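Asker: coords please:
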Amino acid sequence: MNLGSLTINMMLNITQRWLGDQQFVNTLSQAGPLGLGILDHIKKAHGPLVELENKRTVSESAFRALVERSMKLDLQHDRKARAIHHHLQGLIEGTDNPQLAAEYQLLESLLFPIGLRVIQLPHIEEGGAAVALDRAVGPEQRAKLAGIQVGESTLLELFEAWLKAGHELGGVVTERAQLKASLVRERTDAGELDLKAGRSQWIHSIRGLLWALEADETLAPLAERVNATLEEATATSLRRRGFEDVEAFDELAEPSEVGEPSQAAAVVVDA
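Answerer: Presented below is the predicted three-dimensional model:
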């Protein structure tokens, strides 16, 4: 039985259900020092692993939320930019008044110094462009934008919505980059070592449980249930990884994964 093939979520699901089952807990508790020692080690292995996985899940969920937020803001940013640009283009093309055409062209040049390529910039640059544009467009230009009606809005309202999306996008991108760096750190060095140690401790505690089930007849009522749960979980995990022959895979497992009785017994000694 290759416990190392289990995912962290599988590990947590198994021990969560066992520790939440009063019959399981009582059977171990009533088995004397052996059962109490095994139960204690399972609890000590389960708790830290829950915290590690929860921390990682929260961080990854926050990162996905920021990615989704940046995509929505980028869409808003680009929509407003196109609306303003196309409307100014229409005003330039539609007027026969050279003075008005020159005013519209001046506005277009001010708002779109690189044309609509602004919506093709990386998100962080779109945020920076919004900061620069907010400073470049003064009260006079804003008053002109306020006087141009576009359906239910004015160009000024569209402009402010454009800037707002750009400002927020810049902030989200920065936050996303910082969180990404934090996730990378968690997956390497100390974070990865903590996770590896947590998995190892969980496997060690379960090996101790399996050894105890064979060593103590009073724990026999748990044997069938525990073995069935672990066998089903490992078989499911291995099938997902493309191993149809579970027994053959177990034969290829590393010695440390298989576990020797003496190693399992150490759980009780530690207790």
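Asker: tell me where the stretch 1-150 of the chain has helices.
Answerer: Using DSSP state H, counting those that start in this stretch, the helices of the stretch 1-150 of the chain run over 8-19, 22-29, 32-94, 98-111, 123-136, 139-146.
Asker: which of those sits closest to residue 215?
Answerer: Closest approach to residue 215 among the helices of the stretch 1-150 of the chain (C-beta to C-beta): helix 32-94, 7.2 Å. In short, each C-beta sits where N, CA and C put it, glycine included.
Asker: for that closest one, packing partners?
Answerer: If you count contacts as 3 or more C-beta pairs under 8 Å, 6 or more residues apart in numbering; DSSP states H and E, helix 32-94 packs onto helix 8-19, helix 22-29, helix 98-111, helix 123-136, helix 155-187, helix 189-215, helix 261-270.
Asker: let me have the ones you listed in JSON lines, extended by mean pLDDT, mean neighbour count and distance to residue 56.
Answerer: Supplementary listing: these in JSON lines, determined by pLDDT from 0 to 100; neighbours: other C-beta atoms under 10 Å; distance: least, C-beta to C-beta, whole Å:
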{"stretch": "helix 8-19", "mean pLDDT": "89", "mean neighbour count": "17", "distance to residue 56": "9"}
{"stretch": "helix 22-29", "mean pLDDT": "91", "mean neighbour count": "15", "distance to residue 56": "27"}
{"stretch": "helix 98-111", "mean pLDDT": "94", "mean neighbour count": "14", "distance to residue 56": "43"}
{"stretch": "helix 123-136", "mean pLDDT": "93", "mean neighbour count": "16", "distance to residue 56": "25"}
{"stretch": "helix 155-187", "mean pLDDT": "87", "mean neighbour count": "18", "distance to residue 56": "6"}
{"stretch": "helix 189-215", "mean pLDDT": "81", "mean neighbour count": "18", "distance to residue 56": "8"}
{"stretch": "helix 261-270", "mean pLDDT": "38", "mean neighbour count": "15", "distance to residue 56": "26"}
